[in-house]
Every structure is written in structure tokens, then in C-alpha cells.
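1. compute the structure for the input listed below.
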Amino acid sequence: MIQNGTVYALLLLDTVLSFFFGVWFYRLLIWYPRGGRVFTGAKSMIGKTATVVKNDRAFGMVKIDGQTWRAVFPQEEDFNVGDNVIVTNVSGLKVTVTKKDGKNGN
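-> Residues are numbered from 1 along each chain as shown. Purely as a prediction, here's the structure:
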């Protein structure tokens with residue numbers, strides 16, 4: 001015959017294990033397939049590919065998902081209109097970009 005204390009201990013153990021299994025299941029099937037990325041806001045643009053639409057010496061403009069943003073280009077790289085770039089940082093209404101390397105897909 002099972003005592004009352006044993007039943008409560010098994011019930012508590014089952015509850016704790018179910019909680020941790022639920023968290024693991026959520027992360028495995030819901031969060032990880034999405035890549036764990038932010039989907040909204042300025043931070044969601046980091047890592048996206050953009051196209052240079054204007055390039056002056058001080059700044060330029062890039063198009064990201066159909067929207068034009070002011071871009072800051074690194075001094076050591078040359079950018080031409082039509083180049084594909086990667087967004088590395090977002091600050092206010094400006095994005096910092098680097099040239100997309102065709103060799104490794106970045």
C-alpha cells in the first residue's frame with residue numbers, strides 16, 4: 001500500500017519534471033527553428049542584406065526590405081551603387097554596413 005507522503009512526493013516530482021520538459025519542448029520546437037532572432041524593431045535588421053542606392057563620401061543610402069535607410073560605410077572599404085552589404089549595427093535612423101563577401105556567403 002502506498003502512503004500519503006509518497007503520493008505527494010511523486011506528484012511534486014511529476015509536476016517539476018513536466019515543467020522542465022515543457023520548457024525544453026518550447027525551446028526545441030518553437031524557438032530554435034526561428035533562429036532565436038528578434039523579429040521586430042531596429043535590432044531585427046542586424047544581419048540582413050541591403051543594397052547600396054546612394055554613396056557619398058560621408059554617408060550613403062541603402063535599401064533594406066523595400067525601405068531606404070541612411071548608411072554609414074567603413075572608411076577602409078569602397079562601396080558602389082548596387083553593391084550588396086550586410087547591416088552590422090543600427091543607431092537611431094542610421095545603419096552601419098559592411099561589404100557582403102561573395103566567397104563565404106556572408
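2. and residue 70, how close does it get to residue 41?
-> 17 Å (CB to CB, to the nearest Å). Backbone N, C-alpha and C define where each C-beta goes, glycine included.
3. pick out whichever of those two has more residues nearby.
-> Each of residue 70 and residue 41 has its neighbours counted (other CB atoms under 10 Å); residue 70 has more, 13 against 8.
4. ok so that one is a strand residue?
-> Yes. Under DSSP: H, G, I helix; E, B strand; the rest coil, residue 70 sits within a strand.
5. any idea how far it lies from residue 93?
-> 6 Å.
6. and this structure, what are its domains?
-> Listed domain ranges for the chain are 4-34, 42-99 (source: automatic domain parsing).
7. excluding chain neighbours, what is closest to residue 84?
-> Nearest-residue entry for residue 84: residue 100, 4.3 Å, with adjacent residues in sequence omitted and distances by CB to CB, 6 or more residues apart in numbering.
8. contacting residues for the one you found?
-> Contact partners of residue 100, counting by CB atoms under 8 Å, 6 or more residues apart in numbering, are 49, 83-86, 106.
9. which one of those is nearest residue 17?
-> Distance to residue 17 across the contacts of residue 100 (CB to CB) is lowest for residue 106, with 41.8 Å.
10. so what pLDDT did the closest one get?
-> For residue 106, the pLDDT comes out at 50.
11. next SSE after the particular helix or strand that has residue 22 in it?
-> In this assignment (DSSP states H and E), residue 22 forms part of helix 4-26. Per DSSP H and E, the first helix or strand lying C-terminal to helix 4-26 is strand 49-55.
12. on contacts alone, who are the packing partners of that next one?
-> Strand 49-55 sits against strand 60-64, strand 67-72, strand 84-91, with contacts defined as 3 or more CB pairs under 8 Å, 6 or more residues apart in numbering; DSSP states H and E.
13. ok, 7 Å please
-> Judged by 3 or more CB pairs under 7 Å, 6 or more residues apart in numbering; DSSP states H and E, strand 49-55 is in contact with strand 60-64, strand 84-91.
14. report the mean per-residue pLDDT for it.
-> pLDDT averaged over strand 49-55 gives 93.
15. next, the angle strand 67-72 makes with that strand.
-> Interaxial angle, strand 49-55 versus strand 67-72 (axes from the mean of the first three to the mean of the last three CA atoms, to 10 degrees): 70 degrees.
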